[in-house]
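K.L.:
okay, here's the prediction I keep looking at, along with the sequence it came from:
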Amino acid sequence: MSKPLFLACTCISAILLSACSSDGGGSAKDRQSELDAAITAASAGSGSAATSSSSGAAEPSPEQQSFLENGFLDQDVASMASRMGGDIPNSPRLVRQGSERSSILVDQQYIDVQGEASLNKNVFAQRLLRELQQLNTSNITYVDRRAASSSNNLGNSSSKSGKSGGGSSSTHSSRPSAGQGGAANYRLECTVTAMPATAEHARIQRYAFQVVDNRTHAPIWMGDFDIDAPLKPSETPQAK
């Protein structure tokens, strides 16, 4: 029997015994009031105990829940995209194609999660692509696989049409161009690894990016990002 229930039974028993042994002094209404007060007090104690029991386990914060579900935080992805948007267009190995914009394919296929690292590759790729597309870059556009495939099909159709026109095929480049309906010029690759814990950082994931030329398969830009993982509820330091 639980403690609150035991106390309630004790209080009720005491009131009943007192009523039985009474020489008739006191009205039935007074005894009923005492009985109701004892029941109310016992019920309140039982409710408090149940509340205390159910709130013993710490609930994860929205930040922790987001990381547990996807392996990253939105603000970290935004920070990565901001730095990449400033660095990649200035890469000396980026091929400038006049007024045309080079395209970079962002897809989960090129994300490699190693060891104990945790990441929802599909959600991460979509979020990163959305952040990169919001950047104001004049010479680069970021595309997903569907957009790149669609552009490639348009480029192939255009080339075939030019060849059938008789002599006009020489005006078309052998390599599809990004801004004119061609396939993506580059792809964004990423390797995610869990780094050893240190005194300052308990959990770190390293995101090693590189932009690779789809024609030569050579990297034209590389950049690493070390991201602190939010502490789990059980790891949160307790206030003294």
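P.N.:
That came through fine. Residues are numbered from 1 along each chain as shown.
K.L.:
give me the element residue 199 is part of.
P.N.:
Per DSSP states H and E: residue 199 is located in neither a helix nor a strand.
K.L.:
residue 118 reaches residue 193, doesn't it?
P.N.:
No: with contact defined as C-beta atoms under 8 Å, residue 118 and residue 193 do not form a contacting pair (11.0 Å). Just so you know, the C-beta spots here come from the backbone N, C-alpha and C atoms, and that holds for glycine as well.
K.L.:
give the residues shared as contacts by the two.
P.N.:
Applying C-beta atoms under 8 Å, 6 or more residues apart in numbering, one finds that residue 118 and residue 193 are jointly contacted by residue 205.
K.L.:
residue ranges of the strands in this structure, please?
P.N.:
Taking DSSP state E, the strands of the chain run over residues 102-105, 111-113, 140-143, 186-195, 204-213, 219-228.
K.L.:
name every strand pairing with the shortest one and say which way it goes.
P.N.:
Spelled out, it's strand 111-113. strand 186-195 (parallel) (DSSP bridges).
K.L.:
cool, and the first one?
P.N.:
Take DSSP bridges as the rule and strand 102-105 pairs in its sheet with strand 140-143 (parallel), strand 186-195 (parallel).
K.L.:
quick one: contacts of the longest one?
P.N.:
Spelled out, that is strand 186-195. Applying C-beta under 8 Å, 6+ apart, the set of residues contacting strand 186-195 is 102-107, 110-119, 142, 201, 203-214, 220, 226.
K.L.:
kindly report the same for stretch 204-211.
P.N.:
71, 80, 84, 88, 91, 104, 117-119, 186-195, 197-198, 219-229.
K.L.:
cutoff 7 Å now
P.N.:
For stretch 204-211, the surrounding residues in contact (C-beta atoms under 7 Å, 6 or more residues apart in numbering) are 80, 84, 88, 104, 117, 186, 188-195, 219-229.
K.L.:
can you pull the domain assignment for this protein?
P.N.:
Domain ranges of the chain: 3-53, 62-235, per automatic domain parsing.
K.L.:
circling back to that earlier point, quick one: which of the strands paired with strand 102-105 is nearest residue 33?
P.N.:
Minimum separation from residue 33 across the strands paired with strand 102-105 (C-beta to C-beta) falls at strand 186-195, 65.6 Å.
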